[in-house]
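Student: Pasted the sequence and its predicted model underneath.
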Amino acid sequence: MKKVLVTYYSRTGNTEKMAKIIAQGLADKGINVDLKRVDEVKIDSLTEYDGYIIGSPNYFGTMAAEVKKFIDESVKYYRKIEGKLVAAFTSTGMIGGGGETVCLDILKAFLIHGCLCLGFTRLGHYGPVSIGKPDERIERELAEMVNKYVEVLNRINNV
Ligand SMILES: Cc1cc2nc3c(=O)[nH]c(=O)nc-3n(C[C@H](O)[C@H](O)[C@H](O)COP(=O)(O)O)c2cc1C
């Protein structure tokens, strides 16, 4: 059974709601999911997973410091998590407020890790961007993201 880490930071709950929807969607598709706040993730557990889905609120156009700390700690596993499947999501205050660059910054770090990063044609191209609380549009986008993530995960062998 494929095992996926869904991890996030959230101060006022919007990103956390997205993470819960994603985790439930993965579980419904038979994925073994760990849902954790970034500060709960044991960095030594990274190699156990087939992939990661990572979310952060938009703070000044990039990820929250807590998510950056997690990513910085992941350097311990540089060249040891190549081929893991990664997707990103964010919650932002407003359209045009920098949500896309949050997802890009997260994905960029995992590209440097040699991970496989998902982009999308029918939703936010770099990952779902919720404007404040997740609404019906974002629920649909999260469901589509989960569908694609699981489809690709089941097709690849991790290297
Ligand atoms: C320190 C800080 C910086 C923020 N910067 C931005 C920003 O640049 N653009 C924006 O649209 N929203 C910004 N926001 C709003 C948050 O991204 C938004 O409220 C988000 O939904 C919070 O997610 P959370 O409920 O998971 O904590 C900022 C909020 C905080 C606290």
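Tutor: Nice, thanks for sending it over.
Student: thought residue 15 was touching residue 55?
Tutor: Yes. Applying Cβ atoms under 8 Å as the test, residue 15 and residue 55 come out as touching, 4.8 Å apart. In short, each C-beta sits where N, CA and C put it, glycine included.
Student: Which one of the residues in this protein is closest to the ligand?
Tutor: Closest approach between the chain and the ligand, counting by Cβ to the nearest ligand atom: residue 97, at 2.1 Å.
Student: buried residues in stretch 139-155?
Tutor: 139, 141, 142, 144, 145, 146, 148, 149, 150, 153 (16 or more other Cβ atoms under 10 Å).
Student: Among these, which are located in strands?
Tutor: Judged by DSSP state E, strands contain none of the buried residues of stretch 139-155.
Student: near the ligand, from those residues?
Tutor: Checked against the ligand using Cβ under 6 Å from any ligand atom, the buried residues of stretch 139-155 yield no neighbours at all.
Student: Just the ones of the residues you listed in helices?
Tutor: Mapping those onto helices (DSSP state H) picks out 139, 141, 142, 144, 145, 146, 148, 149, 150, 153.
Student: Doesn't residue 70 belong to a helix?
Tutor: Yes. Membership of residue 70 in a helix is supported by DSSP: H, G, I helix; E, B strand; the rest coil.
Student: That one: what's it in contact with?
Tutor: 7, 38, 39, 41, 43 (Cβ atoms under 8 Å, 6 or more residues apart in numbering).
Student: how about 7 Å then?
Tutor: Counting by Cβ atoms under 7 Å, 6 or more residues apart in numbering, residue 70 makes contact with 38, 41.
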